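Engineer: Take a look and give me a structure for this.
(one chain, ligands or ions: 2)
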Amino acid sequence: MDPIRNPYAPGAGQRPPELAGRDEQLAAFDVVLERVAKGRPERSLVLTGLRGVGKTVLLNALRGAAVRRGWGTGKLEARPGQGLRRPLSSALHQAVRELGHGDEESVDHVLGVIKSFAHRDAGTAAKLKDQWSPGIDVPAVRGRADSGDIEIDLVELFADLGGLAADVGKGVGIFIDEMQDLGADDVSALCAACHELSQSGLPVIVVGAGLPHLPAVLSASKSYSERLFRYQRIDRLAREAADRALEAPAADEDAAFESDALAAMYDATGGYPYFIQAYGKAVWDLAPRSPITAADVAVAAPEAESELAVGFFGSRYERATPGERDYLMAMADVALAQSGLGGDEDSVPSADVAARLGKKPQSLSPARDSLLKKGLVYSGERGRIAFTVPHFGRYLRERG
Ligand SMILES: Nc1ncnc2c1ncn2[C@@H]1O[C@H](COP(=O)(O)OP(=O)(O)OP(=O)(O)O)[C@@H](O)[C@H]1O
Ligand SMILES: [Mg+2]
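Structural biologist: Ligands and ions are numbered 1, 2, ... in the order given. Model (predicted):
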């Protein structure tokens, strides 16, 4: 069919033509926005899930919902080894602009506080030329959010920001993607600041997204984090939602799927959003005409799989060293032995992986830790390990 009209959108953070199966999260977030703006206590929201399930896309949609309500919003993506101050300052700068508060003096004060927060990077008295300027052209407000203790500074910063938003009856939403990559001090400070916020009734919320072990990262940092955040597991789509993700965009282009074709698509994709988009794209290009049939899906499958092998799996596999690849392969073998085909999403005991490689577990911890840091595997429970990438075991076994 006409590739120019192909509606599907495989790719990290690519907005899907139809955001299927997330109505519950969107509706719940509307309630959160309403409550926070009214000064009611609300927990911050944290989305967790495997690679490619649609966390970034949903985070962006939630941000869109906040913007539509006139909130000030800002977003950042955490990176390993990078401090929170600079990216957060840029995000908050954006949020203040979006708020559109009319009183210049109040706005300049908060911008000045953001600037002083940013300048206190790494607690060092950096030389002036080294100071990073977040493009804020008001003077820094000395003595506010610049103590060097990130926890104290965040609380002050959020308090001033919340005050500004409360003036105009709105709120501020701070969206943090890849939240598991925040440094330990930053996580702990962020938890403390959220704790403070939840008690003061200030209209500021943090919405995070990250890998499945993010709740463990947060609770290792502050024991009260379980009461602070509402965790929402973002998962593969149920059959009905997966069908809608394919059919609605097709219908907009006057095309359709036969019901056998939808069943074949679900078989192949397992309902994982990234796979749905990749298969949708391939089958659209290769099918001779609408309606798309199960035979068309079979013809398109190799094309879809080879796209995924490069764009989804390969880019991640490339990041692993030979030793780490052996570890990943052993994980795939253990997962297969443990639960058969389709067991790749289950965690496996790391002791079994070591046994499979004929090594002592301690000797493998460098590889394991490095894979954890690279976000290729995660450990939700002590002594167990799982792939962050769905169907990764199958990919590894097939490439051999
Ligand atoms: N609800 C949905 N319905 C249909 N397609 C979706 C949905 N959510 C995400 N997608 C599609 O899935 C793909 C992956 O989405 P996204 O990048 O948000 O995943 P992610 O969970 O952030 O992955 P990663 O952990 O790699 O960052 C994109 O191509 C997107 O268009
Ligand atoms: Mg993402």
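
Engineer: Can you name the residues that contact the one residue sitting closest to the centre of the chain?
Structural biologist: Nearest to the mean C-alpha position of the chain, counting by Cα atoms, centre = their mean, stands residue 209 at 3.7 Å. Taking Cβ atoms under 8 Å, 6 or more residues apart in numbering, we find residue 209 in contact with 46-48, 55-56, 58-59, 175-179, 234. C-betas here are computed from N, CA, C, even on glycine.

Engineer: Those residues also near ligand 1: which ones?
Structural biologist: Restricting the contacts of residue 209 to those touching ligand 1 (Cβ under 6 Å from any ligand atom) yields 55-56.

Engineer: Dump the contacts of residue 209 to TSV, plus secondary structure and pLDDT.
Structural biologist: Output for those, formatted as TSV (DSSP: H, G, I helix; E, B strand; the rest coil; pLDDT from 0 to 100):
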residue	secondary structure	pLDDT
46	strand	96
47	strand	97
48	strand	97
55	helix	98
56	helix	98
58	helix	98
59	helix	98
175	strand	98
176	strand	98
177	strand	98
178	coil	97
179	helix	97
234	coil	97
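
Engineer: Residue 347: which of the contacts of residue 209 is nearest?
Structural biologist: Using Cβ to Cβ, residue 48 comes nearest to residue 347 of the contacts of residue 209, at 14.5 Å.

Engineer: Quick check: bridge partners of the closest one?
Structural biologist: Beta bridges link residue 48 to residue 210, residue 233 when assigned by DSSP bridges.

Engineer: I'd say it and residue 231 touch.
Structural biologist: Yes. Proximity of residue 48 to residue 231 meets the contact threshold set by Cβ atoms under 8 Å, at 6.2 Å.

Engineer: more neighbours, these two?
Structural biologist: Higher neighbour count among residue 48 and residue 231: residue 48, with 25 against 16, using other Cβ atoms under 10 Å.

Engineer: residues in contact with the more buried one?
Structural biologist: Contacts of residue 48 by Cβ under 8 Å, 6+ apart are 55, 209-212, 214-215, 231-234.

Engineer: do that again at 7 Å, thanks
Structural biologist: 210-212, 214-215, 231, 233-234 (Cβ atoms under 7 Å, 6 or more residues apart in numbering).

Engineer: Can you turn the buried part of those into a ChimeraX selection?
Structural biologist: To isolate the buried ones among the contacts of residue 48 in ChimeraX, judged by 16 or more other Cβ atoms under 10 Å, type:
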select :210,211,212,214,215,231,234
